[in-house]
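Colleague: Got a predicted structure plus its sequence, pasted below:
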Amino acid sequence: MSRGSGSVAAAIALSLALMFESSTIGGLVTSLRAEIAALTPGDRLPSNRDLVRRHGVSPVTVARAVAVLAAEGAVVTRPGSGTFVAARSSRTSATAPDTSWQSVVLADRHVDAQTVNSLLSPPVADAITMAGGYLHRSLQPTKALGDALARAARRPDAWDRAPTAGLETLRSLFARFTGGEAGPDDVVITSGGQDALSMAFRAIAAPGSPILVESPTYQGALAAARAAGLRPVPVPTDVDGIRPDLLADAFATSGARLLYLQPTFHNPTGTVLAAQRRAQVLDIARAAGAFLVEDDFARLLSHGGPTPRPLAADDRDGTVVYVTSLTKPASPSMRIGALVARGPVMHRLRAIRLVDDFFLARPLQEAAIELLSSPAWERHLRGLSAVLRERCAVLASALAVEAPEWTIDRVPTGGLHLWVGVPRDQLVGILDAARALGVAISSGDGYFAAEPAGAFLRVGFAATADLAQIEEGARRLGEVARSSRR
């Protein structure tokens, strides 16, 4: 037998042994549970040696089974004395706890987690995933991430306490994202973009205040705003982004001092705020004495064309609070983002960071530095840009053929989704039928703040495994479209 075949045989033998051991432990745990049920609290179980002899298993199997029971609270182990039946809870299933009093204390302070939870819900097994907002594992720079984490772990200070605002090197790297004059002192590191939005909303506006948002806008931002006690006020958009004339009116009528905006590769529509409007929007916010939270989550998700400068690059007076993150272009678990701001608002953001959790874990910050400083990161972004462009084009073309009555006002030049209009009376049926055919898509209802929701679907092209899956997903959606109009 060759060395290679011997290794394979050994691996198979090890795998079978582990499977057998796992099954044996489970059987022993079940047997011991039945024995414990007939005993009273404080009774001593047979010794491990007796259990080995009685059940014909190894000492390791007995030790692991006892550990499982101890973790469940069924037994208590006393070194040198043995294993004993634990005291049973005085509560029974017939006397359910009464927590109704909490409703009075909590009053109407509601946190709408359902909106965000829907973005993170795992797809049905074997479904084609065209929902969600993260890259498929095959598109993530897993080797670069692993190498970065390994290098970070070898640093002698990797487990030291990090500064509240974040490591200075990482803050310097994020300051460059703005394309302006920001420096490390203008940056605070966050646990991804969602954390950054939550911090910004709480720092800027008092509970009960209005916040202007594009219509439609990112569901997670609406959830974060409402959790902060803010009242989202929608401002209409068109193919060129938010409408400056209506934005000025909204500031005047609402008294808002905060605008949330996604000017580049907007989620969910993919819109890029037109060049002639960018300065207008900044001027309108400045004239209203308002902050503008610029969510630039998708800057690194360009499909290869020109990407406009951030609004923050042309802001000298501290109007813009800039949000960015590595999560979307890297991995869902690369929970590293940043807030860039100037003036007293930065002092408040740092204070919130300190009060919330003191500082972010240093190893992940060190890994982010290693990743951003690596040539592999730039290679990843170039490759990702080409892949996203191809996937977007394939999905748009396939839907045009398979579901011609569905509308796509714009094919985006960045981001991870298509915003697809469908007949209003067919929306619910489309979602149900797609689910039945094994395709996960997102309803557009949750992207509208307070106005009547339009009939839209957000259909993604980045979470699927490959082009073949995108084409198959589009084919199934074509079946849905044809069945919905009958």
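Modeller: Arrived safely, thanks for sending. Numbering: from 1, shown residues only.
Colleague: Just checking: what are the partner strands of the lengthiest strand in the chain?
Modeller: Longest strand in the chain, counting residues (DSSP state E): strand 231-238. The pairing partners recorded for strand 231-238 under DSSP bridges are strand 210-215 (parallel), strand 241-242 (antiparallel).
Colleague: Show me the one of those that comes nearest residue 229.
Modeller: Closest to residue 229 of the strands paired with strand 231-238, according to Cβ to Cβ: strand 210-215, at 10.2 Å. Any C-beta I mention is one placed from the backbone N, CA and C, and that applies to glycine too.
Colleague: got TSV for the strands paired with strand 231-238, with distance to residue 400, mean pLDDT and mean neighbour count too?
Modeller: Below are those laid out as TSV (distance: least, Cβ to Cβ, whole Å; pLDDT from 0 to 100; neighbours: other Cβ atoms under 10 Å):
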stretch	distance to residue 400	mean pLDDT	mean neighbour count
strand 210-215	26	97	25
strand 241-242	24	97	24
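Colleague: Pull out the buried positions in the longest strand of the chain.
Modeller: Within strand 231-238, the residues that count as buried by 16 or more other Cβ atoms under 10 Å are 231, 232, 233, 234, 235, 237.
Colleague: which other helices and strands contact the helix or strand containing residue 284?
Modeller: Using DSSP states H and E, residue 284 falls within helix 275-287. Using 3 or more Cβ pairs under 8 Å, 6 or more residues apart in numbering; DSSP states H and E as the contact test, the elements touching helix 275-287 are strand 241-242, helix 244-254, strand 291-295.
Colleague: Out of the ones you listed, flag the one nearest residue 429.
Modeller: That would be strand 241-242 among the helices and strands packed on helix 275-287, by Cβ to Cβ, at 31.6 Å.
Colleague: Let me see the contact set for the residue sitting nearest the centre point of the chain.
Modeller: The chain has residue 332 as the residue nearest its centroid, 5.9 Å off, counting by Cα atoms, centre = their mean. Residue 332 makes contact with residue 134 under the criterion Cβ atoms under 8 Å, 6 or more residues apart in numbering.
Colleague: after the helix or strand harbouring residue 64 comes which helix or strand?
Modeller: Using DSSP H and E, residue 64 maps to helix 59-72. Next helix or strand after helix 59-72 toward the C-terminus (DSSP H and E): strand 75-78.
Colleague: how's the protein carved up into domains?
Modeller: Per automatic domain parsing, the structural domains of the chain span 3-85, 114-137+377-484, 141-375.
Colleague: now the nearest residue to residue 389 once chain neighbours are set aside: how far from residue 297?
Modeller: What sits nearest to residue 389 in space, not counting adjacent residues and going by Cβ to Cβ, 6 or more residues apart in numbering, is residue 303, at 3.8 Å. In this view, residue 303 and residue 297 are 15 Å apart by Cβ to Cβ, to the nearest Å.
Colleague: Please identify which of these two sits among more neighbours.
Modeller: For residue 303 versus residue 297, neighbours defined as other Cβ atoms under 10 Å are more numerous around residue 297 (29 against 22).
Colleague: Identify the spatial nearest neighbour of that one, chain neighbours not counted.
Modeller: For residue 297, ignoring the flanking residues on the chain, the nearest one in space by Cβ to Cβ, 6+ apart is residue 193 at 5.1 Å.
Colleague: so what's the one you found up against?
Modeller: So residue 193 contacts 295, 297, 323, 324, 325, 327, 328, 337 (Cβ under 8 Å, 6+ apart).
Colleague: did I read that right, the third one in a helix?
Modeller: No. Under the criterion used here (DSSP: H, G, I helix; E, B strand; the rest coil), residue 323 is strand, not part of a helix.
Colleague: neighbours of it, just the number please.
Modeller: Quick note: residue 323 (other Cβ under 10 Å) scores 27 neighbours.
Colleague: Report the beta-bridge partner residues of it.
Modeller: Applying DSSP bridges, one finds that residue 323 bridges with residue 295, residue 339.
Colleague: Quick check: pLDDT value at it.
Modeller: Here, the pLDDT recorded for residue 323 equals 98.
Colleague: pretty sure it contacts residue 198?
Modeller: No. Residue 323 is not in contact with residue 198 according to Cβ atoms under 8 Å; the separation is 10.5 Å.
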